[in-house]
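Asker: I would like to see how this sequence folds:
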Amino acid sequence: MNELETRQLRYFVAVAEELNFGRAAERLGMAQPPLSRAIRELERQLGVALLERTTRRVELTPSGEVLLQDARTALDAVSAAGRRAQHAGEATPQLRVALKADVDGGLLPRILDAYAAQETGQPVAFVLGRYGEQVAALRDGRADVALVLDPGDVRGAGLDFEPLLSEPFLLAVAATDPLAAYSEVCLADLAGRMMPGGEPADQGPVSAQVCSLGVDSFGRASYGSRSGGSDLPEVFRLIELGRTVCFFPASLTARYPRPDIVYLPVKDLRPAMLAVAWPQDSRSTVVAAFVRAASEVAAVTATV
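Answerer: Numbers count the residues shown, from 1 in each chain. Reported below is the predicted structural model:
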């Protein structure tokens with residue numbers, strides 16, 4: 001079998017993610033016929049069917065599922081190699097830290113101070129993104145180290161992590177909501193209520209449902225929901241009007257008290273876990289210094 005090319009993998013990933021040759025071709029900026037030919041050639045080269053095609057739909061075969069996962073990893077590795085080489089050649093090297101704004105458990109200022117006090121410290125540049133984007137930033141080389149809210153996303157991603165702290169999620173509801181009279185709630189109490197992105201609130205704050213402050217591509221604070229409430233003040237306003245409810249890490253609620261919003265404990269909801277994460281193959285003393293600083297600050301905080 002001939003070696004696969006990154007171009008082939010990019011084509012396949014686009015089709016596998018879109019499950020539609022027309023949309024994939026548009027995404028890649030090419031015509032559909034050559035894309036279809038390229039996928040057929042890839043299947044011939046591998047000797048397996050990657051896609052099941054009918055007149056109505058396109059679906060991945062078991063071989064296609066495996067290739068999709070490995071192709072994403074390979075493309076991330078190629079991107080990471082190029083970006084890290086560029087970063088290493090900068091006149092003033094920087095440590096790139098991926099995080100979601102305000103999702104640091106209140107630890108970030110002290111971590112930065114502890115990191116700066118170490119001889120190996122470099123200037124820090126922040127790679128800001130929405131919930132869940134920190135792992136992708138590590139994998140494709142945009143970031144060297146990250147603060148992640150759910151380290152479960154790190155497992156199996158070629159990354160290591162160190163837990164820093166655990167804190168509860170709190171439910172934000174309007175002060176006029178009947179739930180506001182409760183001392184605590186359970187997820188079943190939220191049946192029929194919706195998150196700003198349209199997800200049922202009784203499913204809890206999983207994956208993209210986590211409602212905490214993020215930053216969009218223009219550097220503005222944002223929630224990034226699919227419908228309604230594009231930034232945190234708008235989300236707060238929707239909550240105050242009784243249009244939605246949200247989950248926030250407890251440390252974030254302490255930063256944003258609102259007279260028309262009540263924050264409630266949720267007794268059957270697992271806590272939020274903040275961790276520091278980095279690529280498994282990293283040998284950077286600067287990354288190690290940041291991880292050490294974060295761990296030391298978290299240890300001191302836990303004993304206070």
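
Asker: tell me the domain ranges of this structure?
Answerer: Split into domains by automatic domain parsing, the chain comes to 6-83, 90-167+272-303, 169-265.

Asker: what average pLDDT does the longest one get?
Answerer: Here the mean pLDDT over domain 90-167+272-303 is 87, rounded to a whole number.

Asker: just give the closest residue to Tyr11, not the sequence neighbours.
Answerer: Leaving aside its chain neighbours, Tyr11 sits nearest to Ala38 (5.0 Å; criterion: CB to CB, 6 or more residues apart in numbering). The C-beta positions use only the backbone N, C-alpha and C, and glycine is treated the same way.

Asker: helices or strands up against the host helix or strand of the one you found?
Answerer: Per DSSP states H and E, Ala38 falls inside helix 32-46. Secondary-structure packing of helix 32-46 (3 or more CB pairs under 8 Å, 6 or more residues apart in numbering; DSSP states H and E): helix 6-18, helix 21-28.

Asker: helix, strand or coil for Glu296?
Answerer: With DSSP: H, G, I helix; E, B strand; the rest coil as the basis, Glu296 sits in helix.

Asker: which helix or strand contains the residue nearest to it when sequence neighbours are not counted?
Answerer: With CB to CB, 6+ apart as the criterion, Glu296 has its nearest non-adjacent residue at 5.9 Å, and that residue is Ala114. In this assignment (DSSP H and E), Ala114 forms part of helix 108-116.

Asker: does Leu112 touch Val124 like I think?
Answerer: Yes. Taking contacts as CB atoms under 8 Å, Leu112 lies within contact range of Val124: 6.4 Å.

Asker: contacts for stretch 44-54?
Answerer: 1-2, 4, 12, 15-16, 39, 42-43, 58-61, 63-64, 67 (CB atoms under 8 Å, 6 or more residues apart in numbering).

Asker: ends of that stretch, what's the gap?
Answerer: Using CA to CA, to the nearest Å, the end-to-end distance of stretch 44-54 comes to 19 Å.

Asker: buried stuff in that stretch?
Answerer: Under the neighbour-count criterion of 16 or more other CB atoms under 10 Å, stretch 44-54 has Leu50, Leu51 buried.

Asker: same check on stretch 58-72?
Answerer: Val58, Leu60, Gly64, Leu67, Leu68, Ala71, Arg72.

Asker: now swap in stretch 105-114 and tell me
Answerer: In stretch 105-114, counting by 16+ other CB under 10 Å, buried: Gly105, Gly106, Leu107, Leu108, Arg110, Ile111, Leu112, Ala114.

Asker: may I have it exported as PDB, CA atoms only?
Answerer: Coordinates of the C-alpha atoms in stretch 105-114 are reproduced here as PDB (Å, rounded to 0.1, in the frame of the first residue of the first chain):
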ATOM      1  CA  GLY A 105     -11.500  28.500  39.400                       C
ATOM      2  CA  GLY A 106     -10.000  31.900  40.400                       C
ATOM      3  CA  LEU A 107      -6.500  30.400  40.200                       C
ATOM      4  CA  LEU A 108      -5.100  32.000  37.100                       C
ATOM      5  CA  PRO A 109      -3.600  35.200  38.600                       C
ATOM      6  CA  ARG A 110      -1.800  33.100  41.200                       C
ATOM      7  CA  ILE A 111      -0.700  30.500  38.700                       C
ATOM      8  CA  LEU A 112       0.800  33.300  36.500                       C
ATOM      9  CA  ASP A 113       2.600  34.800  39.400                       C
ATOM     10  CA  ALA A 114       4.000  31.400  40.500                       C
END
